[in-house]
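S.K.: fold the stuff below for me.
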Amino acid sequence: MLAFEKAAAIQNLTGIELDIQLTKDGKMVVIHDERVDRTTEGIGFVRDYTLSEIRKLHIYAGGYPSQKIPTIEEVLDLAEPRLRAGLKLNIELKNGNYPYAGMEEQIVGLIRQRGLENQVLYSSFSAKSLEKMRELEPDAELGILDSKVSDCLYKLKGGCGADALHPFWRAMDLPGEELKKYSVRAWMGGHLYPEKPTGTKLDMEALERQGITDVILNEPECYL
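M.R.: Numbering: from 1, shown residues only. Okay, the predicted model is just below:
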């Protein structure tokens, strides 16, 4: 929650990206890895913990008070004022390796309940999941994730229902000219933990020439 609080406070930010998964008892929690080992003192898969069990784990935040794995509802409570003021929320359904039954219905229902449909876009590595999302929410903005931008485009043209391409930033293997009609939101690596500032800056103009329209990174304040 500390990370989302700090991100939501940054002015001129286009949006925030997060990942959702389901606990053993079917609750939506916000965590990137399918396992809890890297960022907490726990061991095992998110899907093998109940919500009450996973809430007992600690995320040690480099000098700040330890944090807990939040529910998506908690993040929405925090970010909703900014979302209603124009901030976007990119919700990745973390189901590329493990398909969480019913997660699509749950998240669509929650976002509808809060009236945030226009502030949220969804992404996934799973073309089948995005196909389902398109059926559930025909007007939602969907981004297909993969490493290579060519694989993102292949999935999109295969009929998964996506609008945008979400490739790894170092895997732009198509000419920028071929990507002109798409939003191309490139994601960075950034899996060290706790992550240290790099002290370097990307050449945004060079990325733009490759067809990238947006970047998903951990140090947006360096660029705004």
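S.K.: who does the lowest-mean-pLDDT helix or strand in the chain pair up with?
M.R.: Least confident helix or strand, the chain: strand 59-61 with a mean of 88, by mean pLDDT, DSSP states H and E. Its sheet considered, strand 59-61 pairs with strand 64-67 (antiparallel) by DSSP bridges.
S.K.: tell me which helix or strand comes right after the partner strand.
M.R.: Remark: after strand 64-67, the chain's next helix or strand is helix 72-84, criterion DSSP states H and E.
S.K.: can you name every helix or strand that the following helix or strand past that following helix contacts?
M.R.: Downstream of helix 72-84, the next assigned helix or strand under DSSP H and E is strand 88-93. On a contact count with 3 or more CB pairs under 8 Å, 6 or more residues apart in numbering; DSSP states H and E, strand 88-93 meets strand 15-22, helix 72-84, helix 103-114, strand 120-124. Heads up, the C-betas are built off the backbone N, CA and C, glycines and all.
S.K.: now do 6 Å
M.R.: Judged by 3 or more CB pairs under 6 Å, 6 or more residues apart in numbering; DSSP states H and E, the packing partners of strand 88-93 are strand 15-22, strand 120-124.
S.K.: helix 103-114 and the longest one, what's the angle between them?
M.R.: Translated: strand 15-22. Relative orientation of strand 15-22 and helix 103-114, computed by axes from the mean of the first three to the mean of the last three CA atoms, to 10 degrees: 130 degrees.
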